[in-house]
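Colleague: can you look at this prediction? I've put the sequence above it.
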Amino acid sequence: MDFEKSILCIGAGYVGGPTMVVIANKCPQYRVTVVDINQDKVDAWNSENIPIYEPGLDKLVKKVRDKNLFFSTEIDKGIKAADIIFVSVNTPTKNYGQGAGKAADLQYWERTARQILANSGRDKIIVEKSTLPVRTAEAMGRILHETENGVRFEVLSNPEFLAEGTAIKDLENPDRVLIGSKDTESGIKARKEIVEIYANWVPMDRIIESNVWSAELSKLTANAFLAQRISSINSISALCEKTEADIDEVAYAIGTDSRIGPKFLKSSVGFGGSCFKKDILNLVYICQNYGLDEVADYWESVVKINEWQERRFVRNMLLNMFNTVAGKRIALLGFAFKANTGDTRESPAITITRELFEEHAEVVVSDPKALENARIDLKDVEDSIIFEDDPYKASEGAHAIAILTEWELYKDLDYGRIIKGMVQPAFIFDGRNILDHKGLFSMGFNVFAIGKAPLTHI
Ligand code: NAD
Ligand code: UDX
């Protein structure tokens, strides 16, 4: 079959994979290829066990794989054949040299740009899908135009707003798609080509067009605003614990104000995930570079509050368990950074496990989807941690349970059965405020939730 367009995505991760799966499903007229340097990952995409857990993804992959969706490690060949190239490689925080700990590490991006340059014999549209510092497209444009063969590249920004665990829903029914290009004739023409792809399923009034710098900066700003809401509510949770105000009641009360809105006001043990911290620190670094220190400090405080909230959780456990957890078995229910994903990047569970381990607790980690990643995150202390996928077995003989991920299954556990197998007095720390606290208290648990007065028998 002749395809109308040949689309390539470089990077088969949490963004590149699901995004291309949805494009291939919605647009049978396009040939979509996803390439990656990681052979194991590509093999997994081509197998029965795709490399990421995302509700609904499996089914969609099976519908189009080897029809108009292909996974491969043949990057050069993919570049040569493509009309449009989405780049969705990772852009982690730099951990060396200037900007270490804050700036985005652009080495993967730059390598990709050079590879595109080396393998392009005709004009192409390059689309930044990765989250990048504002004005990266400019730098990429410069690298790409280091050619004398007359080939022209148009670099666009089309940041991705999907959240893990709801990626398919977010991609199929996005709040908006943002496409930024240069304001030149060729820039606008390229932008229209990308609009045309999304218009196959996204209503036109949800496709926003902008200049390329606005698109790049909007992505960093959206993540900063979302994370800021969580840090704001988490800061108030600490005050609730001191005053017997209830954080869920406060969040509900303020969220009914249509100017504030109810979303992203769920107080928690802290936000995790590969994006929020990385993107805010990137924003902080950019602001510092432009001499905007007050702006940088403002956004950095969002990350600082989050780190404080994680540490505060462990401090509360210690304080309430008679100032020591040494030798005590503690069952951590949930290790993923949020429910419905196996992803553990920047999960608060990592810090909490390590801090409890340093306090000489016997830590049991449990999670329905993330134990494999948990083992990798805790590689250096793996032999001292117990990994157990059954939450009942994890809680057997425990002094305390801590809920660290809001998996539905933890709401429905038989806590009456669990408390019988625990050391008394039994403690439960609900880091996600998902349990029935009064019910647990009446079973005999000492209950500590985020932003709520403790319910204790001691
Ligand atoms: P990821 O680590 O899951 O995937 C990136 C992939 O790129 C990896 O499989 C890696 O092997 C591959 N790669 C790296 N260099 C390569 C190269 N030179 N050639 C081919 N493949 C290469 O990362 P991700 O979570 O998919 O994130 C990708 C980008 O999207 C990041 O900039 C991130 O900030 C952004 N983003 C992520 C999310 C999310 O929820 N994860 C959401 C929106 C935006
Ligand atoms: C985020 C953005 O939502 C998404 O638009 C962007 O593309 C990538 O970064 P993601 O990190 O996958 O997505 O998940 P998200 O739902 O935003 O949750 C991030 C963290 O915040 C999780 O740890 C979650 O548990 C926490 N969270 C979220 C809260 O603690 N309270 C809330 O009210 C919402």
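Modeller: That came through, no problem. Ligands and ions are numbered 1, 2, ... in the order given.

Colleague: where in this structure is pLDDT low?
Modeller: Judged against pLDDT under 70, the chain has no low-scoring part.

Colleague: now the strands for this protein?
Modeller: Taking DSSP state E to define them, one finds strands in the chain at 5-10, 30-35, 69-72, 84-87, 124-128, 153-157, 177-181, 207-211, 329-333, 362-366, 386-387, 400-403, 427-430, 446-449.

Colleague: for this protein, what lies in contact range of ligand 1?
Modeller: Among all residues of the chain, those adjacent to ligand 1 (criterion: C-beta under 6 Å from any ligand atom) are 10-16, 35-38, 41, 75, 88-91, 108, 111-112, 130-131, 160, 162, 164, 274-275. In this view, the C-beta of every residue, glycine as well, is placed from N, C-alpha and C.

Colleague: need the strands of the chain in JSON lines with distance to ligand 2, can you?
Modeller: Formatted as JSON lines, the entries for these read as follows, by distance: least, C-beta to the nearest ligand atom, whole Å:
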{"stretch": "strand 5-10", "distance to ligand 2": "16"}
{"stretch": "strand 30-35", "distance to ligand 2": "18"}
{"stretch": "strand 69-72", "distance to ligand 2": "22"}
{"stretch": "strand 84-87", "distance to ligand 2": "15"}
{"stretch": "strand 124-128", "distance to ligand 2": "14"}
{"stretch": "strand 153-157", "distance to ligand 2": "14"}
{"stretch": "strand 177-181", "distance to ligand 2": "11"}
{"stretch": "strand 207-211", "distance to ligand 2": "15"}
{"stretch": "strand 329-333", "distance to ligand 2": "14"}
{"stretch": "strand 362-366", "distance to ligand 2": "17"}
{"stretch": "strand 386-387", "distance to ligand 2": "21"}
{"stretch": "strand 400-403", "distance to ligand 2": "12"}
{"stretch": "strand 427-430", "distance to ligand 2": "13"}
{"stretch": "strand 446-449", "distance to ligand 2": "14"}
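
Colleague: now for those, which one comes closest to Ala199?
Modeller: With C-beta to C-beta as the measure, strand 207-211 is the member of the strands of the chain nearest Ala199 (6.7 Å).

Colleague: name the residues that touch the closest one?
Modeller: Outside strand 207-211, the residues that touch it by C-beta atoms under 8 Å, 6 or more residues apart in numbering are 176-183, 191, 195, 198-199, 218.

Colleague: same check on stretch 23-40?
Modeller: Stretch 23-40 is contacted from outside by 3-13, 16-17, 20, 42, 45, 51, 60, 63-64, 67-75, 78, 81-82, 172, 197, 200-201, using C-beta under 8 Å, 6+ apart.

Colleague: recalculate using a threshold of 7 Å.
Modeller: Stretch 23-40 is contacted from outside by 3-12, 16-17, 20, 42, 60, 63-64, 68-75, 78, 197, 200-201, using C-beta atoms under 7 Å, 6 or more residues apart in numbering.

Colleague: write the PyMOL selection for whichever of the residues you listed are buried.
Modeller: Entered in PyMOL, the line below selects the buried ones among the contacts of stretch 23-40, by 16 or more other C-beta atoms under 10 Å:
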select buried, resi 6+7+8+9+10+11+12+16+17+20+42+60+64+68+69+70+71+72+75+78+197
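
Colleague: can you pull the contacts of Met317?
Modeller: When the contact criterion is C-beta under 7 Å, 6+ apart, the partners of Met317 are Val325, Ala400, Ala402, Phe429.

Colleague: list the buried residues for stretch 125-145?
Modeller: Neighbour-count burial for stretch 125-145 flags 125-134, 136-137, 139-141, 143-144 (criterion: 16+ other C-beta under 10 Å).

Colleague: just the ones of those residues in helices?
Modeller: Thr136, Ala137, Ala139, Met140, Gly141, Ile143, Leu144 (DSSP state H).

Colleague: no more questions from me, cheers.
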